[in-house]
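Peer 1: Give me the fold of what follows.
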Amino acid sequence: MDQAMPQALDALRAETEAAAAPFLRGPAGPATGRDSTGRVEATLSREGRVQAVRIHVAWAEDLEPVALGAAVMEALQGAANERARAWGDAAVGQEAAVDALGVQAVSAHAAPAPTEQPSGVPRPPDAATFDRIRQALLAGRDSVPPEMLQAMVRQLRELNDSIDGVRQQVTASVTAGFVGHSPDRHVEATVNGAGDPTSIRYDERWLAGAHASNIAHQTLEALRAAGRAAAGHDPTSIIASSAIGRVSALLEDPERFVANLDLPSARTPDVR
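Peer 2: The predicted structure is shown next:
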């Protein structure tokens, strides 16, 4: 049996697990940020979505109505920074573990289970997937048939050809603006294609008589409405519908992936 190919897959499997582990773990819980006055607080969920907005009843003592939107954005940015810091700490901790063990020692059993896997994001093949791909490619053979290798090259070319287009779509998405309003339309929120808030505007005349808890509630509703407007335009959806996403989905079933390789024999016309 050709030993080079199984060994190469084993090495690639270990390297993939080591590289992917920090990014799959993510922060353990929600992250909270505040504006510089301490009157506005925002919380992001583990998935990075706005979970709560809190505005102190005495916010107007430190903030002009025209500045409230910027204060909410500052609190949201603070929460995003805290989330990124927590994610970085998780990554550094994982990298230290990898350095201690050595790349070749990392396995499905040694690597901690991920605490978060963003929905719809293509996930790198794990150890079990690599093993199943190797078994499906060999399938009782001593070596991988050339036509299978050629078919896999075609898959890789399809992926490479799609990268520029996907990158352009993702760039356009994250720079686009999607607007949502609160039910009473006194609050307007804008998010980009990734669902990240980019601006919040208030009806200043309404602010003069609105209770802080209602302002916070209407702010959250406007942000949620903007998020719904951006649905389907996020990078995850774009990637999932691309060649990258399709191949990643196939890799969830390695036997099906190998069986669906576009082999030349499968394209032979039926001559009668």
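Peer 1: Helix or strand for residue 74, just tell me which one.
Peer 2: If you go by DSSP states H and E, residue 74 is part of helix 68-101.
Peer 1: Determine the number of other residues adjacent to the closest residue in space to residue 258 that isn't next to it in sequence.
Peer 2: Counting by CB to CB, 6 or more residues apart in numbering, residue 258 lies nearest to residue 136, which is 3.9 Å off, once chain neighbours are set aside. The C-beta positions use only the backbone N, C-alpha and C, and glycine is treated the same way. Counted with other CB atoms under 10 Å, the neighbours of residue 136 add up to 17.
Peer 1: now the closest residue to residue 166 other than its chain neighbours: how far from residue 69?
Peer 2: Nearest non-adjacent residue to residue 166, counting by CB to CB, 6+ apart: residue 242, 4.8 Å away. Distance, residue 242 to residue 69, using CB to CB, to the nearest Å: 35 Å.
Peer 1: In this structure the residue nearest to residue 166 contacts residue 164, no?
Peer 2: No - between residue 242 and residue 164 there is no contact under CB atoms under 8 Å: 11.1 Å.
Peer 1: higher neighbour count, those two?
Peer 2: Using other CB under 10 Å as the criterion, residue 242 and residue 164 rank with residue 242 on top: 20 against 9.
Peer 1: Helices along the stretch 151-272 of the chain, start to end?
Peer 2: 204-207, 212-230, 235-240, 243-251, 254-259 (DSSP state H, counting those that start in this stretch).
Peer 1: Output the ones you listed in a markdown table, with distance to residue 61, mean pLDDT and mean neighbour count appended to each entry.
Peer 2: Converted to a markdown table, the helices of the stretch 151-272 of the chain look like this (distance: least, CB to CB, whole Å; pLDDT from 0 to 100; neighbours: other CB atoms under 10 Å):
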| stretch | distance to residue 61 | mean pLDDT | mean neighbour count |
| --- | --- | --- | --- |
| helix 204-207 | 14 | 96 | 15 |
| helix 212-230 | 11 | 95 | 20 |
| helix 235-240 | 41 | 74 | 18 |
| helix 243-251 | 50 | 70 | 17 |
| helix 254-259 | 62 | 70 | 17 |
